[in-house]
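Novice: Here's a sequence, model it:
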Amino acid sequence: MRVGTGTRITLRVLALGYLFALVAVPIGVILWRAFEPGLGTFMASISTPAAISALNLSLLIVAIVVPLNVVFGVVTALALVRGRFRGRGLLQAVVDLPFAVSPIVVGVALIMLWGVNGWFGAIDRAGFQVIFGLPGMVLATIFVTLPFVVREVEPVLHEIGTEQEQAASTLGANQWQTFWRITLPAIRWGLTYGVVLTVARALGEFGAVIMVSSGFPGVSQTLTLLVHARYIDDHNTYGAYAAATLLMGIALLVLFLMTLLDRKRSDR
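Specialist: This is a model prediction of the structure:
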């Protein structure tokens, strides 16, 4: 169907106006409020002990979640693409579950499982705190970031097929050698893209984490929780804008990296 010049211009204006109103304006307001008092004030706000602790905790959660999701994601993708077994459809549904379930529900479910009175409450009563500590925050983040590596690696495995893997097997390579020398290089761009998406999602998670975190500064407060605490609890509007700008800067860096990887993947 051919579209006239006037229609194309109208659609572009509507799309750009929509993005400008929903994305550019809020981001511009946050940046303006954060840097209005000066760069020194901004740096002082994001270099407080609470802000540094929140940044370190966010990065620590990312450092734990990403390797676990890489291992699980690659194994699951291989099972879904290469395997034929009962329950394969159920596994597909489980992988997509975080897209459908509210993060708040995830937090409540984790409390019911790992809380003091939950199914695995004996672990907490034995002295290993899961809920309202780092383990609970990691579990919540793992759940909400579960699909990204799987869904990025899976189509790549479909695309490359099994011919090269079968050829390596006939030449005497074992399963590990085949994976390391054939499969992994073939899926590296999809895997890397999934990792970037996982990092971005883990840094910005709020709903599930706030349910399983005590929110105490310096103990279990991530950057997203710091923004919430400064704005709602402390009524420190400027501090919330500064922390949000720091979080947004990290997210933009991840987005820039994702764009570069996407271009490289497209070129290949």
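
Novice: Quick check, pLDDT for Ala200.
Specialist: With respect to pLDDT, Ala200 scores 88.

Novice: roughly how far apart are it and Arg151?
Specialist: Ala200 sits at a distance of 14 Å from Arg151 (criterion: CB to CB, to the nearest Å). Placement of C-beta: from N, CA and C, glycine included.

Novice: If you count surrounding residues, which of those two has more?
Specialist: Shown here are Ala200 and Arg151; by other CB atoms under 10 Å, Ala200 has more neighbours (21 against 18).

Novice: Can you tell me, leaving aside adjacent residues, what's nearest to that one?
Specialist: Of all residues not flanking Ala200 in the chain, Val254 sits nearest, at 4.6 Å (CB to CB, 6 or more residues apart in numbering).

Novice: Could you report the neighbour count for that neighbour?
Specialist: Number of residues near Val254 (other CB under 10 Å) recorded here: 20.

Novice: Kindly report the same for Leu226.
Specialist: By other CB under 10 Å, 29 other residues sit near Leu226.

Novice: List the contacts of it.
Specialist: For Leu226, the contact set (CB atoms under 8 Å, 6 or more residues apart in numbering) comprises Ala50, Ala51, Ala54, Pro217, Ala243.

Novice: make it 10 Å
Specialist: 46, 48, 50-51, 53-55, 57-58, 215, 217, 234, 239-240, 242-244, 246-247 (CB atoms under 10 Å, 6 or more residues apart in numbering).

Novice: Spit out the contact partners of Leu139.
Specialist: Contacts of Leu139 (CB under 10 Å, 6+ apart): Val65, Val106, Gly107, Leu110, Leu113, Trp114, Val130, Ile131, Ala208, Val212.

Novice: With secondary structure as extra columns, can I get the residues you listed in a markdown table?
Specialist: Output for the contacts of Leu139, formatted as a markdown table (DSSP: H, G, I helix; E, B strand; the rest coil):
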| residue | secondary structure |
| --- | --- |
| Val65 | helix |
| Val106 | helix |
| Gly107 | helix |
| Leu110 | helix |
| Leu113 | helix |
| Trp114 | helix |
| Val130 | coil |
| Ile131 | coil |
| Ala208 | helix |
| Val212 | coil |
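
Novice: Farthest pair within those?
Specialist: Val65 and Leu113 (18.1 Å; CB to CB).

Novice: The two: who's more crowded?
Specialist: Set side by side, Val65 and Leu113 show more neighbours around Val65, with 25 against 15, by other CB under 10 Å.

Novice: Next one, pLDDT for that one please.
Specialist: Reading off the model, Val65 has pLDDT 95.

Novice: how much space is there between it and Tyr241?
Specialist: The value you get for Val65 to Tyr241, if CB to CB is used, is 27 Å.

Novice: Ok, Phe216 next?
Specialist: For Phe216, the distance to Tyr241 - CB to CB - is 22 Å.

Novice: which of those two has more neighbours?
Specialist: Tyr241 (24 against 13).

Novice: Now do the contacts for the more buried one.
Specialist: With CB under 10 Å, 6+ apart, Tyr241 has these contacts: 29-37, 42, 45, 227, 230-231.

Novice: Pull out the buried positions in the helix or strand where it lies.
Specialist: Taking DSSP states H and E as the criterion, Tyr241 maps to helix 237-267. Of the residues in helix 237-267, 238-248, 250, 254, 257-258, 261 count as buried by neighbour count, 16 or more other CB atoms under 10 Å.

Novice: Return the item of these having minimum pLDDT.
Specialist: The lowest pLDDT within these belongs to Leu261, with 70.

Novice: Would you check that that residue makes contact with Val196?
Specialist: Yes - the pair Leu261 and Val196 passes the contact test of CB atoms under 10 Å, sitting 6.3 Å apart.

Novice: separation between Ile210 and Gln221?
Specialist: Per CB to CB, Ile210 is found 10 Å from Gln221.

Novice: With Arg125 instead?
Specialist: According to CB to CB, Arg125 and Gln221 sit 25 Å apart.

Novice: Settle it for me: which of the two has more neighbours?
Specialist: It is Gln221, of Arg125 and Gln221, that has more neighbours when counted by other CB under 10 Å, with 24 against 10.

Novice: Good, wrapping up.
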